[in-house]
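**Q** Sequence first, predicted coordinates after that:
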Amino acid sequence: MRAAIDARLKYYRPGGIAEYTRHLVHALAELDTETQYTVIHHLRDAETLAPGPNFHRVSTLTPSHHRLERWLLAAELLSRQLDLYHTPEGILPQRAARREIITVHDVHYLHFPQYMTAASRRYYNDQIERSTRRAARILVPSEATRADLVTLLNVPTEKIVTHLLGVDSGFRPASEDTIAAMRARYHLPPGYLLFVGTFEPRKNLPGLFAAYAQLRADLPDAPPLVLVGRRGWLMDEIESAVRQHGLEPHLRWITNAPRADLPALYSGARLLVLPSHYEGFGLTALEAMACGTPPIVSNRSSLPEVTGDAGLLIDPDDPDALTGALHRLLTDDALRDDLRARGLKRAAEFTWKRTAATVLDTYRRVAAL
């Protein structure tokens, strides 16, 4: 079988899909020495994903999210005569292989179009329905995303394969010395509150700021809220909420932190808070659990699937509920210790090897069609 995995996006946009692609390729190399894998990179990408002798790089000129991407990439791949093409981004070129597979991580742009730029809405809305119709199989990271595809795009359920994602082995409780060094580097006090993710509207940061302002009114000595991630689109509303609640002195923004710092940042926090309106999987909640930090998450989309009984669930539209959950985890050590133990046990079940095994089985089934 000649299979291609499209890794072009990681050159343009670090983060969730890039990490998914990287981990998937490495886990597949451990499981499969027979398939001949082509990993598609952008020409300028300095990193090559070729972790085994049956993996090789192909460099392309076609950029991700270009208006002519469908046709340009198809032309570049035409001579490869691939049996199977898999895009982790969910958008298919005009024709890439005999059979095609997509990963759809979420469809937040259908739930919350107001949280997207006009250009992004056009890109996804014009192409997602076409891609879901064309794909032989659709990989999703949660049952919540499966339900969205069935309900919002009328995708036949038999086309959809759920593969829960894994957590990198580097995410584990950091030592006290490592945490102390990290805190000194970022000038953080002990026991801070933590958010990790892109700073964009669907993460519900205005709702978090409203709840945190109320928490500070109840507990004036509450620790600072540390926000780790990168700036996304439509930041004006987020910045306005900070000013509205007078929180500038109590927030610590850490943008573009090295990935190697994340385990210590999680481990040093009292809790993680992720009150998103929507998540296709919620990987940061899982990473926090793996580091022994209990999460507070929304009771929507995939987040209850990920946290199970190892976190506190709140209504993201109810700031009082979020304030109450923050207060509980700040003041109840027994509750925090219990959730920490549950989280470490649950996170150990989420491995990239398990994820890749499901993907490999899907590849083989599709190739046999």
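**A** Yep, it's here. Numbers count the residues shown, from 1 in each chain.
**Q** Confirm that Gly90 sits in a strand.
**A** No: looking at Gly90 with DSSP: H, G, I helix; E, B strand; the rest coil, it is coil, so not inside a strand.
**Q** burial measure for it, as a count.
**A** Around Gly90 sit 21 other residues, with neighbours defined as other C-beta atoms under 10 Å. C-beta coordinates here come from the backbone N, C-alpha and C atoms, glycine included.
**Q** what does the one 4 residues further on give?
**A** A total of 15 residues lie near Gln94 under the criterion other C-beta under 10 Å.
**Q** tell me the phi and psi of it?
**A** Dihedral pair for Gln94: phi -60, psi -40, per degrees, to the nearest 10.
**Q** For the closest residue in space to it that isn't next to it in sequence, what is the enclosing helix or strand?
**A** Take Gln94 and drop its neighbours on the chain: the residue closest to it by C-beta to C-beta, 6 or more residues apart in numbering is Ala74, 4.0 Å away. According to DSSP states H and E, Ala74 maps onto helix 69-77.
**Q** tell me how far the ends of stretch 131-150 are from each other?
**A** Counting by C-alpha to C-alpha, to the nearest Å, you get 14 Å between the two ends of stretch 131-150.
**Q** which residues touch it?
**A** Stretch 131-150 is contacted from outside by 90-92, 99-107, 110-111, 153, 155-157, 159-165, 280-281, 301-302, 305-306, 358-359, 362, 365-366, 369, using C-beta atoms under 8 Å, 6 or more residues apart in numbering.
**Q** So Ala213 is in contact with Arg243, correct?
**A** No: counting by C-beta atoms under 8 Å, Ala213 stays clear of Arg243, with 11.5 Å between them.
**Q** neighbour-wise, which of those two wins?
**A** Just comparing Ala213 and Arg243: by other C-beta under 10 Å the higher neighbour count belongs to Ala213, 18 against 10.
**Q** Skipping its backbone neighbours, what lies nearest the more buried one in space?
**A** Nearest residue to Ala213, sequence neighbours excluded (C-beta to C-beta, 6+ apart): His245, at 3.9 Å.
**Q** so what's the one you found up against?
**A** By C-beta under 8 Å, 6+ apart, the residues touching His245 are Phe209, Ala210, Tyr212, Ala213.
**Q** Low-confidence stretches in this protein?
**A** Applying pLDDT under 70 to the chain picks out residues 113-125, 233-234.
**Q** Show me the domain layout of it.
**A** Domain ranges of the chain: 2-165+351-367, 176-347, per automatic domain parsing.
**Q** about what we covered before: off-centre distance for the next helix-or-strand element following the helix holding Ala74?
**A** On the C-terminal side of helix 69-77, the nearest following helix or strand under DSSP H and E is strand 84-87. Put simply, strand 84-87 sits 20 Å off its chain's centre (C-alpha atoms, centre = their mean, to the nearest Å).
**Q** Give the other helices and strands that strand 84-87 contacts.
**A** Strand 84-87 makes packing contacts with strand 2-6, strand 99-103, helix 352-367 when contacts are defined by 3 or more C-beta pairs under 8 Å, 6 or more residues apart in numbering; DSSP states H and E.
**Q** right, and these - which one's nearest Gln81?
**A** Smallest distance to Gln81 across the helices and strands packed on strand 84-87 (C-beta to C-beta): 7.3 Å, for strand 2-6.
**Q** which residues are in contact with that closest one?
**A** Strand 2-6 is contacted from outside by 21, 24-25, 35-40, 49, 58, 77, 80-89, 96-97, 363, 367, using C-beta under 8 Å, 6+ apart.
**Q** strands paired with it, and their directions?
**A** Applying DSSP bridges, strand 2-6 is found paired with strand 36-42 (parallel), strand 84-87 (parallel).
**Q** Taking helix 69-77 as reference, get the angle to it.
**A** Strand 2-6 and helix 69-77 are oriented at 140 degrees to each other (axes from the mean of the first three to the mean of the last three C-alpha atoms, to 10 degrees).
**Q** Can you tell me the closest non-neighbouring residue to Lys353?
**A** Nearest residue to Lys353 in three dimensions, chain neighbours excluded: Ala27, at 5.4 Å (C-beta to C-beta, 6+ apart).
**Q** likewise Gly280?
**A** Using C-beta to C-beta, 6+ apart, the closest residue to Gly280 is Asp106 (2.7 Å).
**Q** thought that neighbour was touching Glu279?
**A** Yes: with contacts counted by C-beta under 8 Å, Asp106 reaches Glu279, the gap being 6.9 Å.
**Q** what ranges do the helices span in the stretch 101-250 of the chain?
**A** Along the stretch 101-250 of the chain, the segments classed as helices by DSSP state H, counting those that start in this stretch run 108-111, 118-134, 143-153, 176-186, 205-218, 236-244.
**Q** tell me what the first one is packed against?
**A** Read that as helix 108-111. Judged by 3+ C-beta pairs under 8 Å, 6+ apart, the packing partners of helix 108-111 are helix 118-134, helix 143-153.
**Q** most neighbours per residue, which of these?
**A** Among the helices and strands packed on helix 108-111, helix 143-153 has the highest mean neighbour count (mean count of other C-beta atoms under 10 Å), at a mean of 18.
**Q** Next, report how far it is displaced from the centre of its chain.
**A** Put simply, helix 143-153 sits 17 Å off its chain's centre (C-alpha atoms, centre = their mean).
**Q** Many thanks, have a good one.
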